[in-house]
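**Q** My questions are about this predicted structure, shown below with the sequence.
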Amino acid sequence: MDFLYKMEILELEAFQSFFSEIKKVDTQMGFNIEKSLQAAVKESHELVMNAKTKDQLYIGLMKEQLHIQAQSSQYLNITDEMTLKKNNLLEFIPKVYHRFMNEVEQEMIRFIQQKKREMHHEIDKDGAWYSGIRDTTKKSGELYNFAINKINVFSKDVQGKGVISDQRLVDTKTIVEKVLEKHLSTQMVTDQVSKIFETAIEEYKKAWMHQIEDNVPDMKRISASSLTQTSKANLRINVQYGEAEKVFAMGIGSAVFGTVGLAMGWHTLTYAIFNVFPPIAIFAALTTVLVGVLTKDKAVEKRKEDINEAVNRYHHFFLQQLYVLKLPELENKSVSEYIEHKGQTIVDETVKEWERKYLGNLKMDHFRQLNQAFMRHLMYVKEVMEELD
């Protein structure tokens, strides 16, 4: 009995290009999927081919529809489960990113506030009335040092040697500058910033590892690897959930995390941080206003204001480095952009690892193509059934 789409249905035309492609990727897997499908529709195809009446054909097509839908639903489980778990990871990216950045900012604020308190305390101890005059004298020493250097430069140009042999220069650093150098030295700031980032990175890693472990695809729904072992008439994708599978499922989160790497450039990030944040020069560049004519209390308060200004400027500079400055060491991204980008990379690499663990040589896209083939085949069947109604 002839009918619309007869050859397309009986020859499984919708699946042929898929079978051809998948066998190039994984011959055994492609062969077993094809055999499983052929076995599943064997009964309905016999009914269709032997149908003498519309009713017999309709029954055969109905069975074909049921068998194909049953097959399709099992493969859909694979893409649905993997997509669900991937989406959970994607939703986690902004959460863990903001957690990381907030931790870095908050720890830096704590460090700065602690240093402010320490420096204010030292200024209070040094708040004798003559300290303002001492700062004035030190600043005047800058003129003395400048004069000595200029005289000797001129003398060397004219006579070939310096006029003034005793070049003991005056210490021109003010109390504020010395306090800043003592409490916020280059090494101290660099070490502290590095510790802040190292701690934040470790927490970032742990958060991702827990998230990945919590979203391991359910092996009771995904076991396409079993297709390489069987081509039973009634395909069962679900494997037995034995001890080996339990160990695998429990360990895949850690395995993914290890292979994906959070060896994905963290040493580069740490190295870049060591070379980004500024030396004490940012503080020394601030000029302390002379306070020799002020009272003791006003001098102390003025120095505290100078310290606050210097530290606040550094904090502002730190934030600029964190969010704006693009670094060659970080793929020409700022620290903020780099961390955000790493989240997407972790998700992409995790999904690739799932595919390797669960699907062998196949990818999720192969199963999406298979699902499209099922839909196309069901469309043929449905149109014939509608013609028969």
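**A** Nice, I can see it.
**Q** For residue 8, give its distance to residue 54.
**A** Distance from residue 8 to residue 54, counting by C-beta to C-beta, to the nearest Å: 19 Å. No exception for glycine: its C-beta is placed from N, CA and C like everyone else's.
**Q** out of these two, which sits in the more crowded spot?
**A** Neighbours were counted for residue 8 and for residue 54 using other C-beta atoms under 10 Å; residue 8 has more, 16 against 13.
**Q** show me what contacts that one?
**A** By C-beta atoms under 8 Å, 6 or more residues apart in numbering, the residues touching residue 8 are 14, 377, 380.
**Q** For the host helix or strand of the last one, which outside residues touch it?
**A** It refers to residue 380. Using DSSP states H and E, residue 380 sits within helix 364-388. The contact list for helix 364-388 (C-beta under 8 Å, 6+ apart) reads 3-5, 8-9, 12-15, 18, 21-22, 25, 33, 54, 57-58, 61-62, 64-65, 68-69, 71-72, 75-76, 78-79, 82-83, 224, 351, 355, 359.
**Q** Poorly predicted segments of the protein, please.
**A** 126-173, 219-296 (pLDDT under 70).
**Q** go with 50
**A** For the chain, the stretches with pLDDT under 50 are 128-134, 136-148, 150-172, 224-250, 263, 279-282, 284-285, 287-293.
**Q** now the helices: where do they sit in it?
**A** Under the criterion DSSP state H, helices of the chain are mapped to 6-10, 13-25, 27-40, 42-49, 54-125, 131-159, 175-183, 186-214, 243-260, 266-276, 281-284, 296-323, 335-359, 364-388.
**Q** Out of those helices, which gets nearest to residue 329?
**A** When the helices of the chain are compared by C-beta to C-beta, helix 266-276 sits nearest residue 329, at 3.9 Å.
**Q** Turn the helices of the chain into JSON lines, columns for distance to residue 329.
**A** Shown next, in JSON lines, are the helices of the chain (distance: least, C-beta to C-beta, whole Å):
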{"stretch": "helix 6-10", "distance to residue 329": "58"}
{"stretch": "helix 13-25", "distance to residue 329": "38"}
{"stretch": "helix 27-40", "distance to residue 329": "42"}
{"stretch": "helix 42-49", "distance to residue 329": "62"}
{"stretch": "helix 54-125", "distance to residue 329": "17"}
{"stretch": "helix 131-159", "distance to residue 329": "38"}
{"stretch": "helix 175-183", "distance to residue 329": "28"}
{"stretch": "helix 186-214", "distance to residue 329": "13"}
{"stretch": "helix 243-260", "distance to residue 329": "21"}
{"stretch": "helix 266-276", "distance to residue 329": "4"}
{"stretch": "helix 281-284", "distance to residue 329": "21"}
{"stretch": "helix 296-323", "distance to residue 329": "13"}
{"stretch": "helix 335-359", "distance to residue 329": "9"}
{"stretch": "helix 364-388", "distance to residue 329": "34"}
